[in-house]
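[1] Show me the folded form of this:
(chains A, B, C and D)
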Number of protein chains: 2
Amino acid sequence: MGKQMTEMLKGTLEGIVLALLTGNPAYGYEITTLLRGQGFTEIAEGTVYALLVRIEQKGLVDVEKRPSEKGPPRKVYSLNEQGETELDEFWNTWSFLSERLEQLRKGGK
Amino acid sequence: MGKQMTEMLKGTLEGIVLALLTGNPAYGYEITTLLRGQGFTEIAEGTVYALLVRIEQKGLVDVEKRPSEKGPPRKVYSLNEQGETELDEFWNTWSFLSERLEQLRKGGK
DNA sequence: TACTGGTAGCTAGTAACACTAAGTAGTGAA
DNA sequence: TTCACTACTTAGTGTTACTAGCTACCAGTA
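    From the prediction side, this is the model:
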């Protein structure tokens, strides 16, 4: 992946995953393939799993273990109330940054 | 500053500074106050100076030392050709991320 | 003189995060 | 048995913004 993208994903990837989980519980492997489908073709699996561990430890998601038909048991993550609050804050932060950057791009001030 | 913002600035702050420098050479202290004026009220001075050292080492800017009327000499940074290329790539990366996120925000899987 | 405050730049050490690269396990098909 | 796919885990690395200091120059003031 490009170095720029790697750095830019810091702080946003968590929000992206939280957004993917809203009203749509999913497990790690699934999230990885979802991301790939969204165009994030080069996000490493290890990155996703590490992120999931983090948001679980922060208490942003609830976890349930479910057997899989074709492999080891899945850990299904669902956004909880705290996770929704965090996601709201993420969108606020994102909006701020996004607006500044769009202004800059237009050569604004 | 919020932790979210801190993380989100990784990878974008460099682009922001490069954008500020297009057609508008500036020195570190000035850039800091420019950023503050743009709403980035909590960006630490040390952060800006460290970033300037980095982009200079990467060869993205040209540097010129100029005396100041009221203090130590200024180091004036101006974007060079390589810096413009880097900035173009930055905008590409940003556009990609930005589009994905806006789609996610609209609930569009 | 001494002190303060604004201007201007620098640096060592830290925390957070995405990455690489490896591994373990379960299932089914060749 | 070997392979491929599914599914999760972990140790170590590089990059970046941060904190918290520091040096230095100048003007005004107590």
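[2] What residues does the spatially most central residue of chain A make contact with?
    Residue closest to the average C-alpha location in chain A (Cα atoms, centre = their mean): A:Val17, at 1.9 Å. Residues in contact with A:Val17, defined by Cβ atoms under 8 Å, 6 or more residues apart in numbering or on different chains, are A:Ile31, A:Leu35, A:Val48, A:Leu51, A:Leu52, A:Ile55. (C-beta placed from N, C-alpha, C; glycine too.)
[3] Ok, A:Leu87 next?
    By Cβ under 8 Å, 6+ apart, the neighbours of A:Leu87 are A:Gly15, A:Leu18, A:Ala19, A:Thr22, A:Leu79.
[4] Closest to DNA strand C out of those residues?
    Distance to DNA strand C across the contacts of A:Leu87 (Cβ to the nearest atom of the strand) is lowest for A:Gly15, with 8.6 Å.
[5] what about that closest one, how many neighbours?
    22 (other Cβ atoms under 10 Å in any protein chain shown).
[6] How about A:Lys3?
    10.
[7] try A:Gly2
    A:Gly2, neighbours per other Cβ under 10 Å, totals 12.
[8] One more: A:Arg105?
    For A:Arg105, using other Cβ under 10 Å, the count is 14.
[9] now A:Ser78, nearest residue through space, not along the chain?
    A:Pro25 (3.8 Å; Cβ to Cβ, 6 or more residues apart in numbering or on different chains).
[10] Quick check, that neighbour in contact with A:Tyr77.
    Yes. Counting by Cβ atoms under 8 Å, A:Tyr77 is a contact partner of A:Pro25 at 6.4 Å.
[11] Between the two, tell me which one has more neighbours.
    A count of neighbours by other Cβ under 10 Å puts A:Tyr77 above the other of A:Pro25 and A:Tyr77, at 25 against 16.
[12] so what's the more buried one up against?
    Taking Cβ under 8 Å, 6+ apart as the test, what A:Tyr77 contacts is A:Leu21, A:Pro25, A:Ala26, A:Tyr27, A:Gly28, A:Ile31, A:Leu52, A:Ile55, A:Glu56, A:Val61, A:Asp62, A:Val63.
[13] pLDDT score for the first one?
    Pointing back at A:Leu21 there. At A:Leu21, the model reports a pLDDT of 97.
[14] swap in the fourth one?
    You'll see A:Tyr27 listed with a pLDDT of 98.
[15] try the last one
    Model confidence at A:Val63, expressed as pLDDT, equals 97.
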